[in-house]
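Enquirer: Okay, predicted coordinates and the sequence, questions at the end:
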There are 2 protein chains.
Amino acid sequence: MIHSVGEDLTKGLSYKAVKVSVGIVGCGVVGTGTVKLLLTNREILRKKTGIDFQLTKVADLNWERKREFEVPEELRTTDYREVIESCDIVVELVGGKEFAKKLMLEALESGRHVVTANKHLLALDGEEIFLKAQEKGLRVGFEASVGGGIPVIKALREGLVGNRIETIYGILNGTTNYILTRMFEENLDFESALREASEKGYAEADPSLDIDGWDAAHKINILASLAFGRYFPFEEVHVEGIRNIQKLDVELGKELGYTLKLLAIAKRFDGEAEVRVHPTFIHSEEALAKVSGVYNAVMIEGDFVGKTMFYGQGAGSLPTASAVVSDIVDAGIAIVSGNGGEVTPVDWESEPVKVRRNFFSRYYLRFDVPDKPGVLAAISRVLADFNISIAAVLQKEMVCQLAGKRGEPVVPLVILTHKAYEQDVQSALKEIRELPVVVGEPVLIRVEEEAE
Amino acid sequence: MIHSVGEDLTKGLSYKAVKVSVGIVGCGVVGTGTVKLLLTNREILRKKTGIDFQLTKVADLNWERKREFEVPEELRTTDYREVIESCDIVVELVGGKEFAKKLMLEALESGRHVVTANKHLLALDGEEIFLKAQEKGLRVGFEASVGGGIPVIKALREGLVGNRIETIYGILNGTTNYILTRMFEENLDFESALREASEKGYAEADPSLDIDGWDAAHKINILASLAFGRYFPFEEVHVEGIRNIQKLDVELGKELGYTLKLLAIAKRFDGEAEVRVHPTFIHSEEALAKVSGVYNAVMIEGDFVGKTMFYGQGAGSLPTASAVVSDIVDAGIAIVSGNGGEVTPVDWESEPVKVRRNFFSRYYLRFDVPDKPGVLAAISRVLADFNISIAAVLQKEMVCQLAGKRGEPVVPLVILTHKAYEQDVQSALKEIRELPVVVGEPVLIRVEEEAE
């Protein structure tokens, strides 16, 4: 280890400080923000922690591209090994899977603590990385992997450590939340809202990781693993994105008092756990419904604390840097005190998680039907056969003209159910689809009640 | 020290565990909740932390009174010294000042870590207690002193450690928030809402600590000290309660798009800091305006993270126990690792805080005036003389009949200002009070814009 614990920097200072060195691999948006924070707030960090965090090297393959903050010439390198050699704490901000994994394993192997924002990698290969860290007695900080600047990992592992966590609801992806907010507020269709998000720089050139729900799924998988105390297998996460959301459903939901969000959900009951990401209606008066634009929020419910919510900027250079630095500080304290200092191991539950696929939820169902007698009776008959109870019905007089199977005009019929089992609802839909009165594909959107 | 670090409890278990012992002094609402948590979730705590937290003794003077959870006979004592003797971590939950202080100093003196929920004591005598802890190399955990179950102290000290904290806005007192919520939603007057709060058990027999703003002031003083890195002198906190709030102002504010909250504010700018608690109008669309009933919320703004918000139950047996236990766990880890492990000392800033008394805010001003020509001109003339710019005016046609000085009917005239200095506003009010057209005492309520 290179750090100089015990080196006394108190000369002329009113406080003690020891040095800990930090290197960064990957100087994109978050990397640049982290460099800026470490250099700008170095003094305030030193005062708060008694540790002087010294940035030694920053690796990136491209030093030509324009950045929001200029990385001092002498810190730049294109060789990640030079970063590892130079420091006590390696910050991995390259993203992606293969190289990031190789880098993290190499850093741990050589005795460096690691800090990362890489949700993709952790959701898929977290176990391997954490096991390596455990083997070496080192930390892997990942506060920045979920919720940008919101210290939600720390809250879950430390602040709420006394609780059995029952439920997590998260708005964990800013891009999709921006799109849904614009669809809700301005009555845009999906394509227009996506175009707007791209123009504002909120959507990637290839936005599929965001809009198809994968980014949120990586994040909720990390939170679920922490909450349930076992690595939740990523392939068991149910993932649906917002690509097929029609503005008609956003409008009709709004009329019924609901706001559409891409919700990431982890729930546990009766010894089973479900983890899922899908477009979800939540009551417009609930706190999560008010989380708009690129903000993120996570609602965590524990057996003692009840309902708590954490809110902030879920992405962006500076907020994410704030999270990265909180992990750097924790690693620095671990170094100085000679203590791993992990409060909660990721994997503490001895029993495997039983995965529940048959969700128990409320449902918004939309059918396009001709405006004729007997339609509602036919559909509600099938629902009753499957034990699905109806909470509300909304049939609008020609909200829009939809061309029916045989060219006749159809109207949207919305049924809001009470809680029902997913399998029953899917079976009912299969039968309803076959009814001659139903035109096209029924729409299913789950409805969650935050306050139950 | 009594703890048995290194004692291996792994026999038959899939994880390691060492024992750390915990004693509690004060078995009221929070004490009982903490006993319940430590006993109910002992196994889950052991799995998460590798530490077996063993409750040794609980002291209270009255074991006859009915509690929500039965404390096992063998743990009960009436002698606080027996608690100190029995454990590694002493939890102070007696409240009040003198005895709590004596107890905490004795516990620290004898080498025990301390955990407390006592905001009153910490706001007034925190420095003495923290200095003693520092001298002995021990921790004083106080997560439960602010925001009940919300892990806001941890967020401020650790999660947001990389930030210079610029602003804190908090709804920190559940009693007053319940009262104001009822006044806002149900159009109640203060007395009726207070009576309702008492009936529901949300207000103490003597509610003055809550409704006069002192409880919120203790809490914001703690947060401000952490944010600014220096003990903020409690006598410099500006405190106003909600006792004199009239329902007319709640109504008129609502009409202008504002919600009235008892806001606790700590702000820093231009090298000066202000800490204040007073009834405050905030825009009804802002997140804090939606925090209703007995919930608490804290909005923290840092230079890197931007705006974050933390929300949850600000009081109550079980949520507060959740916070107490997070401190117990941190102390337990410190014991096991032989490391104080404090991330941020309370007092890290070398420069003293310059206290700012001349707030810079927006103002809601209400004057009772006769419905005659020239009134608005006279008042706005004075405001202009003091450089106070008017943002909005609302004069209602006889919202209510108010008896004027000479018995003539008067109407409420509301002026919403742009940002102005408190001293200018107070001087202007002094002059306006002397105007013959103004009847009775003008009403002043500050208006804060969360999103600036």
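Expert: Perfect, I can see it now.

Enquirer: From residue A:268, how far off is the residue of the stretch 351-452 of chain A found nearest chain B?
Expert: Using Cβ to the nearest Cβ, the closest approach of the stretch 351-452 of chain A to chain B is made by residue A:351 at 10.1 Å. C-beta: built from backbone N, CA, C; applies to glycine. Distance from residue A:351 to residue A:268, counting by Cβ to Cβ, to the nearest Å: 12 Å.

Enquirer: Residue A:352 now?
Expert: Residue A:352 is 13 Å from residue A:268, where distance means Cβ to Cβ.

Enquirer: Neighbour count: these two, which is higher?
Expert: Taking other Cβ atoms under 10 Å in any protein chain shown, residue A:352 and residue A:268 do not tie; residue A:268 has more neighbours (20 against 10).

Enquirer: Assumed the more buried one was part of a helix.
Expert: No - counting by DSSP: H, G, I helix; E, B strand; the rest coil, residue A:268 is located in no helix; its state is strand.

Enquirer: Does it touch residue A:163 like I think?
Expert: No - Residue A:268 is beyond contact range of residue A:163, at 11.9 Å (criterion: Cβ atoms under 8 Å).

Enquirer: Residue A:86 and residue A:110, how far apart?
Expert: Using Cβ to Cβ, residue A:86 is found at 11 Å from residue A:110.

Enquirer: Kindly report the same for residue A:73.
Expert: To residue A:110, residue A:73 is 26 Å away according to Cβ to Cβ.

Enquirer: Of those two, which one has the most company?
Expert: Neighbour tally, residue A:73 and residue A:110, criterion other Cβ under 10 Å: the higher count belongs to residue A:110, 13 against 7.

Enquirer: any idea of the pLDDT on that one?
Expert: Residue A:110 is assigned a predicted lDDT (pLDDT) of 97.

Enquirer: which non-adjacent residue is nearest it?
Expert: Counting by Cβ to Cβ, 6 or more residues apart in numbering or on different chains, residue A:110 lies nearest to residue A:84, which is 5.9 Å off, once chain neighbours are set aside.

Enquirer: Wait, residue A:445 touches residue A:250, no?
Expert: No - using Cβ under 8 Å, residue A:445 makes no contact with residue A:250, being 9.6 Å away.

Enquirer: Mutual contacts of these two, please.
Expert: residue A:260 (Cβ atoms under 8 Å, 6 or more residues apart in numbering or on different chains).

Enquirer: got the phi/psi numbers for residue A:370?
Expert: phi -70, psi 150 (degrees, to the nearest 10).

Enquirer: burial count for it?
Expert: Counted with other Cβ under 10 Å, residue A:370 comes out at 19.

Enquirer: Kindly report the same for residue A:18.
Expert: Residue A:18, neighbours per other Cβ under 10 Å, totals 20.

Enquirer: where does the spatially closest residue to residue A:358 that is not a sequence neighbour fall, helix, sheet strand or coil?
Expert: Nearest residue to residue A:358, sequence neighbours excluded (Cβ to Cβ, 6+ apart): residue A:423, at 4.9 Å. Here residue A:423 is recorded as helix under three-state DSSP.

Enquirer: Quickly note the distance from residue A:423 to residue B:104.
Expert: Taking Cβ to Cβ as the measure, residue A:423 falls 57 Å from residue B:104.

Enquirer: who's more crowded, these two?
Expert: With neighbours defined as other Cβ under 10 Å, residue A:423 and residue B:104 compare such that residue B:104 has more, 27 against 12.

Enquirer: The biggest helix by length in chain A - contacts with which helices or strands?
Expert: In chain A, taking DSSP state H as the definition, the longest helix is helix A:317-337. Contact here means 3 or more Cβ pairs under 8 Å, 6 or more residues apart in numbering or on different chains; DSSP states H and E; on that basis helix A:317-337 packs against strand A:18-25, helix A:29-40, helix A:42-49, strand A:51-59, strand A:89-92, strand A:113-116, strand A:140-141.

Enquirer: Please identify which of these is closest to residue B:303.
Expert: Among these, helix A:29-40 comes nearest to residue B:303, with 8.1 Å by Cβ to Cβ.

Enquirer: CA atoms of that closest one as CSV?
Expert: Presented in CSV, the C-alpha positions along helix A:29-40 are these (Å, rounded to 0.1, in the frame of the first residue of the first chain):
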residue,chain,number,x,y,z
VAL,A,29,-19.1,12.7,-17.3
VAL,A,30,-18.9,11.2,-13.8
GLY,A,31,-15.1,10.9,-13.8
THR,A,32,-14.7,14.5,-14.7
GLY,A,33,-17.1,15.5,-11.9
THR,A,34,-15.2,13.4,-9.4
VAL,A,35,-11.9,15.0,-10.4
LYS,A,36,-13.5,18.4,-10.0
LEU,A,37,-14.9,17.5,-6.5
LEU,A,38,-11.6,16.0,-5.2
LEU,A,39,-9.7,19.1,-6.4
THR,A,40,-12.2,21.8,-5.5
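
Enquirer: who in the stretch 251-400 of chain A is up against chain B?
Expert: Within the stretch 251-400 of chain A, the residues that sit near chain B (Cβ under 8 Å from any Cβ of the partner chain) are A:287, A:290, A:302-313, A:316, A:318-319, A:321-323, A:325-326, A:328-330, A:333, A:337-341, A:343-345, A:348-350.

Enquirer: filter those residues to the buried ones?
Expert: Buried members of these, scored by 16 or more other Cβ atoms under 10 Å in any protein chain shown, are A:287, A:290, A:302-313, A:316, A:318-319, A:321-323, A:325-326, A:328-330, A:333, A:337, A:339-341, A:343-345, A:348-349.

Enquirer: In the stretch 101-250 of chain A, what residue spans correspond to strands?
Expert: A:113-116, A:140-141, A:165-171, A:238-239 (DSSP state E, counting those that start in this stretch).

Enquirer: can you tell me if the third one touches chain B.
Expert: No - applying Cβ under 8 Å from any Cβ, one finds that strand A:165-171 is not in contact with chain B, the shortest distance being 9.8 Å.

Enquirer: where does that strand sit relative to the chain's centre, distance-wise?
Expert: Chain-centre distance of strand A:165-171: 11 Å, with Cα atoms, centre = their mean, to the nearest Å.

Enquirer: residues near residue A:430, how many?
Expert: 12.

Enquirer: ditto for the one 4 residues further on
Expert: By the measure other Cβ under 10 Å, the count of residues near residue A:434 is 9.

Enquirer: State the distance from it to residue A:370.
Expert: 16 Å.

Enquirer: Same check on residue A:218?
Expert: Residue A:218 is 43 Å from residue A:370, by Cβ to Cβ.

Enquirer: And residue A:277, by the same measure?
Expert: Distance of residue A:277 to residue A:370, computed by Cβ to Cβ: 35 Å.

Enquirer: Please look at residue A:34 and residue A:91 and confirm they touch.
Expert: Yes - here residue A:34 reaches residue A:91: they are 6.4 Å apart, a contact under Cβ under 8 Å.

Enquirer: Mind listing the shared neighbours of these two?
Expert: Shared contacts of residue A:34 and residue A:91, counting by Cβ under 8 Å, 6+ apart, come down to A:24, A:324.

Enquirer: Just name the shakiest helix or strand of chain A by mean pLDDT.
Expert: strand A:402-403 (a mean of 56; mean pLDDT, DSSP states H and E).

Enquirer: Show the pLDDT at residue A:299.
Expert: Taking residue A:299 on its own, its pLDDT is 97.
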